[in-house]
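1. Dropping a prediction and its sequence here:
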Amino acid sequence: MEWATKRKIIFISTALAIVAVIGALIYSLKFYEIPTCMDGKQNQGEEDVDCGGPCVVVCSNQIAQPIVLWQRAFESTPGVYNAVAYIENPNSGLGVQEATYRFTLYDEKNIFITERVGKTFIAPNERFAVFEARFNVGERVPKQAFFKFVSFSPWMKISGEKPPLNVRGEQVSDSTSKPRVDAVIENLQLVPIKGIHVTAIVYDSEDNAIASSATVIDAIAAQSSYDLVFTWIRPFRVPPVRVEIIPRINPFVAPAP
């Protein structure tokens with residue numbers, strides 16, 4: 001083969017190779033999608049579609065469902081009840097930004113009285129209380145309260161520890177007239193903490209819950225404390241023995257600057 005012909009073949013082959021590379025690049029830029037945890041595909045080492053592996057969302061087979069330890073209704077005023085459920089999240093490092101739940105109240109004949117749907121968050125590996133106030137039941141008397149989670153937003157991996165809060169000085173007074181619970185909650189860290197949900201539960205000598213109340217603290221400044229006060233307008237039905245104060249902080253909300 002003459003050298004001119006060889007050179008022409010080399011030139012054409014090189015040109016075709018360059019065109020192929022450019023075509024492949026254009027195709028990849030136009031049609032190739034970088035794998036993400038929201039592309040509806042099981043890729044990039046995911047354990048299922050868009051969960052597990054590098055994704056913050058956890059696959060359903062890795063989740064233990066929250067445990068409802070007990071649920072009760074307490075009379076607040078005549079015809080008005082509060083309800084509380086005591087729950088444990090056994091999942092270490094896993095939480096839920098939004099969990100929808102339902103409280104349902106029944107009378108002594110197991111006849112439906114009323115219900116309410118609400119939402120809360122779930123932090124990793126915590127025992128917490130869900131409190132709902134002011135169920136208007138009229139002349140009917142709730143004897144049973146049932147709590148059930150209806151749905152969850154995706155369970156997610158949460159890193160880091162919850163901000164250090166310390167509760168001290170729990171004290172019950174005036175239990176036979178207008179009961180009152182006092183306590184002090186302390187922010188032990190060097191930055192403010194905002195949006196603290198606090199539930200108080202009062203127990204009798206057999207460790208049965210006899211009353212409950214809740215509040216939200218807007219913020220506690222760094223290395224400072226806040227005086228908690230919970231009151232009831234009716235006497236407790238039995239003498240109180242201990243108080244449990246449960247503070248909660250939403251791990252999905254950005255901390256205060």
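-> Yep, that arrived.
2. From now on I want contacts and neighbour counts done on CA atoms only, so please keep to that.
-> Will do.
3. Pull up the gap between Gln71 and Tyr226, please.
-> 28 Å (CA to CA, to the nearest Å).
4. Correction: the previous question concerned Ser175.
-> 23 Å.
5. Let me see the ranges of the helices in the protein.
-> 3-31 (DSSP state H).
6. May I see the domains of it written out as residue ranges?
-> 60-157, 165-249 (automatic domain parsing).
7. centre of the chain versus the longest one, how much separation?
-> Relative to its parent chain, domain 60-157 has a centroid offset of 13 Å by CA atoms, centre = their mean, to the nearest Å.
8. what's the answer for the last one, then?
-> Chain-centre distance of domain 165-249: 20 Å, with CA atoms, centre = their mean.
9. Next one, pLDDT for Leu25 please.
-> Looking at Leu25, its pLDDT reads 63.
10. again with Lys6
-> Lys6 is given a pLDDT of 62.
11. With Cys51 instead?
-> Cys51 is given a pLDDT of 87.
12. Phe252 too?
-> At Phe252, pLDDT is 88.
13. Could you list the low-confidence segments of the protein?
-> In the predicted model, the chain carries pLDDT under 70 at residues 1-13, 15-33, 254-257.
14. All the strands of it, residue numbers only.
-> Assigned by DSSP state E, the chain shows strands spanning 67-77, 80-88, 94-106, 112-122, 127-136, 144-152, 155-157, 165-173, 180-187, 193-203, 209-220, 225-231, 242-249.
15. Going by neighbour count, list what's buried in the last one.
-> Along strand 242-249, the positions that meet the burial threshold by neighbour count (16 or more other CA atoms under 10 Å) are 243, 245-249.
16. ok, of those residues, which one's closest to Pro154?
-> Ile249 (18.7 Å; CA to CA).
17. Make sure that closest one is actually in contact with His197.
-> Yes. Counting by CA atoms under 8 Å, Ile249 sits close enough to His197 to count as a contact (6.4 Å).
18. Around Ala133, count how many other residues there are.
-> 16 (other CA atoms under 10 Å).
19. Report the separation between the nearest residue to Tyr226 once chain neighbours are set aside and Ile217.
-> Excluding the flanking residues, the one nearest Tyr226 by CA to CA, 6 or more residues apart in numbering is Ile185, at 5.3 Å. When distance is defined by CA to CA, Ile185 is 10 Å away from Ile217.
20. who has more neighbours, these two?
-> Between Ile185 and Ile217, counted using other CA under 10 Å, the more crowded position is Ile185 (20 against 14).
21. Next up, the contacts around that one.
-> The neighbours of Ile185, taking CA atoms under 8 Å, 6 or more residues apart in numbering as the test, are 165-168, 225-228.
22. quick one: which of Gln71 and Tyr226 has more around it?
-> Between Gln71 and Tyr226, Gln71 has the larger neighbour count (other CA under 10 Å), namely 20 against 15.
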